[in-house]
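Visitor: sequence-free structure coming up:
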């Protein structure tokens, strides 16, 4: 396992160290400057086979072997784990045409969006789309792959998932932990 660290690198290393006490073998990839969410991949040695990347603030019951199998069976260059997120609009939504004439009105609707869970499966050729030590975020990498005609799959997952980087998810998980 490789942890790409920049922000709070010392704190993460102090806690996890080499991972042995947790039954893990942890190596570190340290950023000298912020490289975004995808840029650090250009600094990681040994990515010569299919590999998984996950944001550090994801909490899920997603089974990684099933995700990797889906990716490989689909002959994809990249696969993005996705979950349905319900977004409630606490206002009346007006539907209008170009002239400003109202064509509809929806009171406090809820919309469903398929969102990235922050977990990805990649083939090593993805690294050719990232310059060495280039600042690059995952959405930009995905666009590069799309523009190049690479096959990208979405893996729909309807199980437990939280993005602890979101205040709402963090607070909800904190309440559960106290019970």
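Guide: Perfect, thanks for sending it. As the structure is a prediction and not an experimental result, all values here were calculated from the model. Residues are numbered from 1 along each chain as shown.
Visitor: Just say helix, strand or coil for the spatially most central residue of the chain.
Guide: Residue closest to the average C-alpha location in the chain (CA atoms, centre = their mean): residue 118, at 1.3 Å. On the three-state scheme (DSSP: H, G, I helix; E, B strand; the rest coil), residue 118 is labelled strand.
Visitor: Likewise for residue 14?
Guide: Assigned with three-state DSSP, residue 14 falls in the helix class.
Visitor: how deep is it tucked in, by neighbour count?
Guide: 9 (other CB atoms under 10 Å). Heads up, the C-betas are built off the backbone N, CA and C, glycines and all.
Visitor: re earlier: leaving aside the residues next to it on the chain, what's closest to the residue nearest to the centre of the chain?
Guide: Excluding its sequence neighbours, the residue lying closest to residue 118 (CB to CB, 6 or more residues apart in numbering) is residue 55, at 3.5 Å.
Visitor: Quick check, the one you found in contact with residue 116.
Guide: No. Using CB atoms under 8 Å, residue 55 makes no contact with residue 116, being 9.2 Å away.
Visitor: Give me the distance from stretch 103-110 to the chain's centre.
Guide: Relative to the centre of its chain, stretch 103-110 is centred 31 Å away, using CA atoms, centre = their mean, to the nearest Å.
Visitor: how about low-confidence regions in this protein?
Guide: Scanning the chain for pLDDT under 70 picks out 7, 164-167, 169-179.
Visitor: count of residues packed around residue 5?
Guide: Using other CB under 10 Å, residue 5 is surrounded by 18 other residues.
Visitor: Then residue 24?
Guide: Around residue 24 there are 12 other residues, counting by other CB under 10 Å.
Visitor: Let me see the contact set for it.
Guide: Shown in contact with residue 24 (CB atoms under 8 Å, 6 or more residues apart in numbering): 1, 16.
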